[in-house]
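[1] Quick one, fold the following:
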Amino acid sequence: MITVTHLTKRFGRVTAVDDASFSALPGRVTGLLGPNGSGKTTTLRTLVGLVRPTSGSATIAGRPYASLPNPARNVGTMLDADALHAGRTGREELRLAAGILGLPASRVDDVLEIVGLTPAEAKRRTRTYSLGMRQRLGLGLALLGDPEVVVLDEPANGLDPMGIRWMRTLLRDFASEGRTVLLSSHLLTEMQTVCDDVVVVGHGRVLAQGTTASFVESDGNLEEAFVRLTAGTDRERVQQ
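    Take a look at the predicted model:
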């Protein structure tokens with residue numbers, strides 16, 4: 001379970017996250033939605049210990065990320081699909097990470113199959129990868145340790161329609177095993193399909209949260225709910 005409680009993060013005079021509180025539950029896919037600059041990525045980076053909060057907390061299973069036993073195996077993260085070594089092959093990236101995590105080499109082959117990278121693609125240098133291939137490899141790195149929690153920032157970027165459908169099935173299956181999925185995305189139609197719960201943020205604040213079904217019931221679809229809730233938040237940021 002992920003719990004964000006009165007989380008605030010300031011960078012100088014800019015408040016990126018403003019007293020945000022929400023939860024992501026086991027067995028469910030939770031979507032974090034908001035306009036560009038709304039604090040989504042900062043929230044996720046704070047959750048996995050890459051950013052220190054100004055106040056409040058973000059915990060996984062009741063503990064900060066850094067205090068989890070072997071956190072990289074308990075929590076799979078993909079926050080930047082471009083954070084790959086351009087000179088390594090996809091297989092080398094996974095093999096190096098597996099060694100750091102103390103995992104058997106056989107896990108690399110398992111993950112390559114899960115994310116749909118062929119043996120030939122796994123032998124290519126990552127600098128030759130398309131954005132969609134980098135997304136698949138990044139997701140493979142997140143799933144390498146067979147974690148109970150996954151945190152993904154824009155995981156569908158660069159995927160074609162078949163890739164998006166594949167990712168949807170993968171995340172739904174992952175949650176059905178009682179694991180926790182928290183992801184951000186700007187693909188509202190896809191979020192409506194894959195997410196059980198939604199947290200809408202604007203200008204660093206939580207504007208609304210609830211089940212996806214409740215947003216659809218009130219507005220007809222998630223896109224209309226998103227537009228209604230976030231209208232004016234970009235203007236507010238400019239005025240400040």
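[2] Just the CA coordinates for stretch 76-83, please, in CSV.
    These are the backbone C-alpha positions of stretch 76-83, laid out as CSV (Å, rounded to 0.1, in the frame of the first residue of the first chain):
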residue,chain,number,x,y,z
GLY,A,76,9.7,-1.5,-9.0
THR,A,77,10.1,2.0,-10.5
MET,A,78,10.2,3.5,-14.0
LEU,A,79,10.4,7.3,-13.8
ASP,A,80,12.6,8.0,-16.9
ALA,A,81,12.8,5.5,-19.8
ASP,A,82,15.8,7.5,-21.1
ALA,A,83,17.8,6.7,-18.1
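[3] Let me see the mean pLDDT of it.
    In this model, stretch 76-83 has an average pLDDT of 85.
[4] Can you give the contact residues for it?
    With contacts defined as C-beta atoms under 8 Å, 6 or more residues apart in numbering, stretch 76-83 is touched by 41, 44-45, 48, 50, 131, 134-135, 137-139, 141-145, 147, 149-153, 155, 157-158. (Glycine included, C-beta is placed from N, CA and C.)
[5] Quick one, which of the residues you listed are buried?
    Restricting these to buried positions leaves 41, 44-45, 48, 134-135, 137-139, 141-145, 147, 149-153, 155, 158, with burial counted as 16 or more other C-beta atoms under 10 Å.
[6] So which residue is smack in the middle of the chain?
    Closest residue to the average C-alpha location of the chain: residue 152 at 1.6 Å, with C-alpha atoms, centre = their mean.
[7] Show the contacting residues for that residue.
    Contact analysis of residue 152 by C-beta under 8 Å, 6+ apart lists 77-79, 139, 142, 181-184.
[8] tell me what the helix of greatest length in the chain is packed against?
    Looking only at the chain and at elements set by DSSP state H, the helix with the highest residue count is helix 161-176. Contacts of helix 161-176 with other secondary structure elements, assessed using 3 or more C-beta pairs under 8 Å, 6 or more residues apart in numbering; DSSP states H and E, are made with strand 29-33, helix 131-143, strand 180-184, helix 188-194.
[9] mind showing which ranges of the protein have poor pLDDT?
    By pLDDT under 70, the weakly predicted segments of the chain are 232-240.
[10] which stretches of this protein form helices?
    With DSSP H applied, the chain shows helices at 40-47, 71-74, 90-101, 106-115, 119-122, 131-143, 161-176, 188-194, 212-219, 222-230, 233-239, listed in chain order.
[11] Now do the same contact list for the nearest residue to residue 94 once chain neighbours are set aside.
    Spatially, and ignoring its direct neighbours in sequence, residue 94 is nearest to residue 108 (4.5 Å; C-beta to C-beta, 6 or more residues apart in numbering). Residue 108 sits next to 91, 94-95, 98, 144 when contact means C-beta under 8 Å, 6+ apart.
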